[in-house]
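A.B. asks: got a predicted structure plus its sequence, pasted below:
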Amino acid sequence: MNSNSGAGPSNGGSGDGDTPRRTSRKPKYSKFTQQELPACKPILTPKWVISVFVLVGAIFVPVGVASLLASHKVVEIVDRYDDACVPSNVTDKLAYIQNATTPKTCQRTLTVTKDMKQPIFVYYQLNNFYQNHRRYVKSRNDAQLSDASKANETTLCDPEKTTKDGLPIVPCGLIAWSLFNDTYSFKHNSKNLDVDKNDISWKSDREHKFGSDVFPKNFQKGPLIGGKSLNESKPLSEQEDLIVWMRTAALPTFRKLYGRIYVDLKENDTITVTLENNYNTYSFGGKKKLVLSTSTWLGGKNDFLGLAYLTVGGLCFFLAFAFTLLYLIKPRKLGDNNYLSWNKHPAGHAGH
């Protein structure tokens, strides 16, 4: 008996049912999928490369020269006083600076080396002070600084978060606790020079990061005083010395703006500085300097930017000269651009 007779589906006599149908995974041709859309594909010929190097050098060298000239126009007076303001009979500097009953007043005489046009910027400079230390940078609470309703929030402020009685410190944290507390006053020709301390901080910090309704509370009330005390009747948004200090520096040597003097000074003028040498840098081998500086369109004195531009521009001119010599002495014939892959039509798609 034939088991196949009258049973099973018909194959229609074509024989296609014996083999499974194959589905191609090849995508439909398009310029997008084949990355053949119009694009800028420059061919780096010797003339093109040399021209680019010359152009970059021609731009960078003048900018570098202008930056250096501007930097050299800045007049700076830098005076290191941390050692000079310790009496000669003191052998233990750390004990001297930590003794609150010992007078710390010190007088320094500065000589103006070149004419200084107003405004004259007054900075204090610290060396070997690592404000970028991770624990130090994190020891603050930004919510507490900006919102009076969050004055009790002291998370991340260890070890300066609360007093011995458990009361919250505002502003809390190591950054605020270590606020710089040296002070300076200036005399010129027996006349006091006023130091303008307004607008020495960033406007965005005053308006957004430090609240106008947040007032200092329980600050520097612990057994160990870290730095300057704050006026509890003034909101944090007006305590600009604090705002400047709280913008931490990235490097261990840094300057922070103390104020501005709006008086022109002539060459060979003398300035008498009366300062209070309060800030403790002796425990970590730091240095303190007072800096008086003018400014230009580029800012303060900074030769690095000009030297960087000159270096890059000079390197570009050197490479352009070297490639020109190589091209003239040992030229190479360029290949045919028609053989580049993007200039070929894909096989089987000439009609697309």
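C.D. replies: Here it is on my side, so go on.

A.B. asks: got the contact list for Val54?
C.D. replies: Applying CB atoms under 8 Å, 6 or more residues apart in numbering to Val54 gives the contacts 316-317, 320. The C-beta positions use only the backbone N, C-alpha and C, and glycine is treated the same way.

A.B. asks: scratch that, Val86 is what I was asking about
C.D. replies: The neighbourhood of Val86, defined by CB under 8 Å, 6+ apart, consists of 93, 96, 277.

A.B. asks: including distance to Pro171 and pLDDT, could the residues you listed go into JSON lines?
C.D. replies: Below are the contacts of Val86 laid out as JSON lines (distance: CB to CB, whole Å; pLDDT from 0 to 100):
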{"residue": "Lys93", "distance to Pro171": "29", "pLDDT": "90"}
{"residue": "Tyr96", "distance to Pro171": "29", "pLDDT": "90"}
{"residue": "Asn277", "distance to Pro171": "25", "pLDDT": "93"}
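
A.B. asks: mind checking the end-to-end distance for stretch 32-52?
C.D. replies: With CA to CA, to the nearest Å applied, stretch 32-52 spans 31 Å between its terminal residues.

A.B. asks: let me fix that: stretch 201-214
C.D. replies: For stretch 201-214, the first-to-last residue distance is 17 Å (CA to CA).

A.B. asks: run the chain-centre distance for that stretch.
C.D. replies: When distances are taken as CA atoms, centre = their mean, to the nearest Å, stretch 201-214 is centred 20 Å away from the chain's centroid.

A.B. asks: what residues does that stretch touch?
C.D. replies: Contact partners of stretch 201-214, identified using CB under 8 Å, 6+ apart, comprise 142, 144-148, 151, 170, 235-240, 242-244, 246-247, 257.

A.B. asks: what does the helix or strand of the chain with the lowest mean pLDDT rub up against?
C.D. replies: In the chain, no helix or strand scores lower on mean pLDDT, DSSP states H and E than helix 93-98, which sits at a mean of 89. Contacts to helix 93-98, defined as CB under 8 Å, 6+ apart, come from residues 86-87, 90, 102, 104, 277-280, 282-283.

A.B. asks: mind listing what's buried along that helix?
C.D. replies: Within helix 93-98, the residues that qualify as buried by neighbour count (16 or more other CB atoms under 10 Å) are 93, 96-97.

A.B. asks: next SSE downstream of that helix?
C.D. replies: Reading on from helix 93-98 to the C-terminus, the next helix or strand found by DSSP states H and E is strand 105-111.

A.B. asks: figure out how far the helix or strand just after that following strand is from the centre of its chain.
C.D. replies: Stepping forward along the backbone from strand 105-111, the first helix or strand reached (DSSP H and E) is strand 120-127. For strand 120-127, the gap between its own C-alpha mean and the chain's C-alpha mean amounts to 17 Å (CA atoms, centre = their mean).
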